[in-house]
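> sequence and predicted structure, then a few things I'm wondering about:
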Amino acid sequence: MKIIKKVIIALLVVLPEKSFVFLRKKLNKKCKYRLDYIWFLRFKKNFSKINENEFTKKMIISKGAFEYKKVNVCFINNMVALGCYALANKMIPVFDVSFDNDNLWNLYFEQPFRETREQCKSILCNQNDFYYFTPHWGCVYKIDELLFWNAVFKKMVCFNDKMESYCKADLKETLPKGKKILGVLYRGTDYTTLKPKGHPVQPELDELFEKVDDFVNKYDVDYIYLATEEKRIFKLFSNRYRGKVIQNTREYIDDVYYNNNCSYIGEVDKMIDVKDSMKTYLSSMNILSKCDYLVAGNCGGTLLASIWNGGNYIKAFIFDKGVYE
């Protein structure tokens with residue numbers, strides 16, 4: 001049965017476009033939903049051939065899967081998913097999700113395909129979700145997936161001029177040139193406290209130290225770039241790897257989180273400058289993507305950095321401990 005299913009999927013992936021569209025129109029809703037996966041596989045196969053200059057419509061995306069109040073990895077992935085959905089329908093995506101009078105996308109990123117979209121007719125997006133088109137945690141273990149999403153992000157997720165200048169300056173100030181840098185990501189606060197169901201299990205600190213020790217000794221690492229929201233973790237790393245640990249300009253949030261008995265990071269957002277916090281976070285993930293090596297727990301930041309890196313780490317180890325029940 002599995003072999004038959006694989007053969008059918010393979011045939012549908014290479015079916016001519018007109019025939020596939022005709023078939024999809026003739027099927028009921030339940031079957032259409034199943035065909036969406038095939039649609040995504042076809043999209044992946046033909047992504048490099050997409051010519052946005054031929055599109056005559058643009059899709060205005062004004063809502064996502066959640067009521068977003070800030071830019072985070074979930075938001076970015078959701079917009080990318082809807083952007084891919086637009087491209088698969090031969091439309092230019094325009095990200096227009098707003099909060100507090102701000103277009104969230106425009107805070108840090110350029111609108112994709114700027115030149116082409118000005119000539120296109122507007123169509124309001126009636127989707128707010130499209131999971132088949134979304135980068136997911138499993139991508140970090142599959143180089144073909146990473147390379148695909150890296151190509152998508154290069155077209156769709158580009159910093160605006162202000163953010164680009166900030167990230168370049170932050171990168172130059174943080175990473176010493178000509179040195180071997182190990183990037184390490186430790187996700188704490190609400191992730192390790194609440195253990196959210198369905199999210200990747202994070203490594204214990206002792207496990208992380210053991211793997212970092214291995215990389216430092218095996219690859220003769222000069223410096224460790226540590227990406228974490230907890231100052232406590234930075235101090236522990238600094239004491240263990242004296243003179244090796246570096247960080248970018250940032251505000252740690254663990255004091256605010258623990259001292260105010262917060263459950264979710266969203267509660268911390270009310271007590272800090274969220275826009276500035278996300279600016280330094282995105283810059284940190286950009287820096288993490290530029291390191292030579294990587295050791296990390298699997299989480300949104302690791303996924304983002306890995307996609308931006310595009311499989312160029314000399315060696316990467318991302319813990320695979322299953323998901324929280």
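Yep, it's here.
> burial count for Ser48?
As a burial measure, Ser48 scores 8 neighbours (other Cβ atoms under 10 Å). The C-beta positions use only the backbone N, C-alpha and C, and glycine is treated the same way.
> quick one: it from Gln111, how far?
Distance of Ser48 to Gln111, given as Cβ to Cβ, to the nearest Å: 21 Å.
> likewise for Lys57?
Per Cβ to Cβ, Lys57 is found 15 Å from Gln111.
> neighbour count winner among these two?
For Lys57 versus Gln111, the count of surrounding residues by other Cβ under 10 Å is larger for Gln111: 18 against 14.
> so the more buried one touches Phe95, yeah?
Yes. The pair Gln111 and Phe95 qualifies as a contact (Cβ atoms under 8 Å) at a distance of 6.5 Å.
> spit out the residues that contact those two alike.
Shared contacts of Gln111 and Phe95 (Cβ atoms under 8 Å, 6 or more residues apart in numbering): Trp105.
> which outside residues touch stretch 52-62?
Against stretch 52-62 from outside (Cβ under 8 Å, 6+ apart): 79, 82-83, 85-87, 89-98, 113, 116-117, 119-125.
> ok, of those residues, which come out buried?
Buried residues within these, defined by neighbour count using 16 or more other Cβ atoms under 10 Å: 79, 82-83, 85-87, 89, 91-97, 113, 116-117, 120, 125.
> could you list which of those belong to strands?
Among the buried ones among the contacts of stretch 52-62, the members falling in strands (DSSP state E) are Met91, Ile92, Pro93, Val94, Phe95.
> which residues touch the second one?
If you count contacts by Cβ under 8 Å, 6+ apart, Ile92 has them with Glu52, Phe55, Lys57, Lys58, Met59, Ala86, Pro112, Phe113, Thr116, Arg117, Cys120.
> would you turn these into JSON lines with distance to Gln247?
JSON lines is the format used below for the contacts of Ile92 (distance: Cβ to Cβ, whole Å):
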{"residue": "Glu52", "distance to Gln247": "39"}
{"residue": "Phe55", "distance to Gln247": "43"}
{"residue": "Lys57", "distance to Gln247": "45"}
{"residue": "Lys58", "distance to Gln247": "40"}
{"residue": "Met59", "distance to Gln247": "39"}
{"residue": "Ala86", "distance to Gln247": "38"}
{"residue": "Pro112", "distance to Gln247": "31"}
{"residue": "Phe113", "distance to Gln247": "35"}
{"residue": "Thr116", "distance to Gln247": "40"}
{"residue": "Arg117", "distance to Gln247": "38"}
{"residue": "Cys120", "distance to Gln247": "43"}
